[in-house]
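# Here's a sequence, model it:
(one chain, ligands or ions: 1)
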Amino acid sequence: MEKPHVIPLMGFGTFGRNGKNGIDAILCALETGYRHLDTAQTYDTEFEVGEALRRSGIDREEVFLTTKISTDNFGPGALVPSLEKSLETLKVDQVDLTLIHWPSPNGRIPLEVYITQIADAQARGLTKLIGVSNFTIALLEETEALLGKGRIANNQFELNPILQNKKLAHYCQEREILVTCYLPIARGMLSEEPVLRAIGEKHDATPEQVAIAFELAKGYCTIPTSGRPERIRSNFKANSIRLSPDEIARIEMIDRNHRVVDPDWGPKWD
Ligand SMILES: NC(=O)c1ccc[n+]([C@@H]2O[C@H](COP(=O)([O-])OP(=O)(O)OC[C@H]3O[C@@H](n4cnc5c(N)ncnc54)[C@H](OP(=O)(O)O)[C@@H]3O)[C@@H](O)[C@H]2O)c1
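Have a look, this model is predicted:
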């Protein structure tokens, strides 16, 4: 029987990790213990991810690879060849998870056109799992109507203590769609948050580590990134912080819907 595909909840984002410095940072992440790398066709880091993986000497099967399909590759017949090109760039036979990066800008291409193509890519064995990113509840419902229940493994969207996206996260968790938090440390904007600082003092942790520990405690996958070795390591160490139910409840109170990634062509958020 095939092994179940477990998605490691502590991942490493690779947006901005380009070129030699990018390879060094991704390699540092692998040496630190991260076993999930998050790339995308538009980040231009697929080569860096594959290269760091090979240089690390870690077996391919031990590292979970996620990539995302650019909205430029949604047209009829375009998605599968674009994923084949991603595999070539990564120099792997298959990725573990492929996401639709964004719903088609302004709904230009109907969902059915690209969602059926990503299902086809999975059927061809190019990716073990399929999922979406920046999808709202309405889009997830439309996807389920097209593909059936249980096909979408993951929804990746902006989530951190000051943008908790509770309604969408709850919807996903009820349907066993794993939530992945992007901007999990709000791009360094959490350092002055009093509640995170106070909880951090008790655990000898930074506000960023408390944010990551919170996301893991909620059962979410989290994919912080940094180009600096000391931060790559300290973010990973958040993995061992255990927050109390009271601390989690206090963090839940600091949500203020502070959204950063909000293009004017994006979906109407929940
Ligand atoms: N699906 C999507 O549409 C989407 C959108 C955005 C992002 N993502 C994914 O999510 C990943 C994470 O998001 P992100 O990179 O935008 O934001 P992030 O991980 O929340 O923040 C990264 C930024 O915070 C700084 N930082 C890292 N660790 C820190 C620490 N311990 N203390 C203070 N500052 C710290 C980094 O600077 P230094 O490098 O100087 O440390 C970097 O500028 C991306 O890499 C990408 O893989 C997906």
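# For the ligand, what's its nearest residue on the protein.
Per CB to the nearest ligand atom, the residue of the chain with the smallest distance to the ligand is residue 13, at 2.3 Å. For glycine as for every other residue, the C-beta is placed from the backbone atoms N, C-alpha and C.
# So which residues on the stretch 51-200 of the chain come close to the ligand?
The stretch 51-200 of the chain comes close to the ligand at residues 101, 133-134, 156, 182-188, as judged by CB under 6 Å from any ligand atom.
# tell me the contacts of the residue of the chain most remote from its centre?
Within the chain, residue 202 marks the point farthest from the mean C-alpha position, 28.6 Å out by CA atoms, centre = their mean. By CB atoms under 8 Å, 6 or more residues apart in numbering, the contact set of residue 202 is residue 247.
# Could you look up the SS state of it?
Of the three states, residue 202 takes helix under DSSP: H, G, I helix; E, B strand; the rest coil.
# let's have the chain start at 57 instead
Got it, first residue is 57 now, which makes that one residue 258.
# Let me know the distance separating it from residue 93.
Distance, residue 258 to residue 93, using CB to CB, to the nearest Å: 32 Å.
# Pull out the buried positions in stretch 252-270.
Residues 252, 255-256, 259, 261-270 are the ones in stretch 252-270 that count as buried (16 or more other CB atoms under 10 Å).
# before we move on, what about stretch 100-120?
100-109, 112, 119-120.
# Columns pLDDT on top of the residues you listed, output as TSV?
Shown next, in TSV, are those (pLDDT from 0 to 100):
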residue	pLDDT
100	98
101	98
102	98
103	98
104	98
105	98
106	98
107	98
108	98
109	98
112	98
119	98
120	98
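# Could you dump those residues into TSV with secondary structure added?
Below are the buried residues of stretch 100-120 laid out as TSV (three-state DSSP):
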residue	secondary structure
100	coil
101	coil
102	helix
103	helix
104	helix
105	helix
106	helix
107	helix
108	helix
109	helix
112	helix
119	coil
120	strand
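# of these, closest to residue 146?
Ranked by distance to residue 146 (CB to CB), the buried residues of stretch 100-120 are led by residue 106 at 3.9 Å.
# Distance check, that closest one against residue 319.
Going from residue 106 to residue 319 by CB to CB gives 28 Å.
# so how many other residues sit close to the residue lying closest to residue 126 once chain neighbours are set aside?
The shortest distance from residue 126 to any non-neighbouring residue, by CB to CB, 6 or more residues apart in numbering, is to residue 97 (4.2 Å). When counting by other CB atoms under 10 Å, one arrives at 21 neighbours for residue 97.
# Tell me the confidence at residue 97?
pLDDT recorded at residue 97 is 98.
# And residue 57, by the same measure?
38.
# now do residue 61
pLDDT recorded at residue 61 is 66.
# Disregarding flanking residues, what is the spatial nearest neighbour of residue 283?
residue 81 (5.0 Å).
# nope, residue 172 is what I was after
In space, residue 172 is closest to residue 202, 6.9 Å off (CB to CB, 6+ apart).
# check contacts around that neighbour.
Residue 202 neighbours (CB under 8 Å, 6+ apart): 167-168, 171-172.
# Go through these and flag which are in helices.
Counted as lying in helices by DSSP state H, out of the contacts of residue 202, are 167-168, 171-172.
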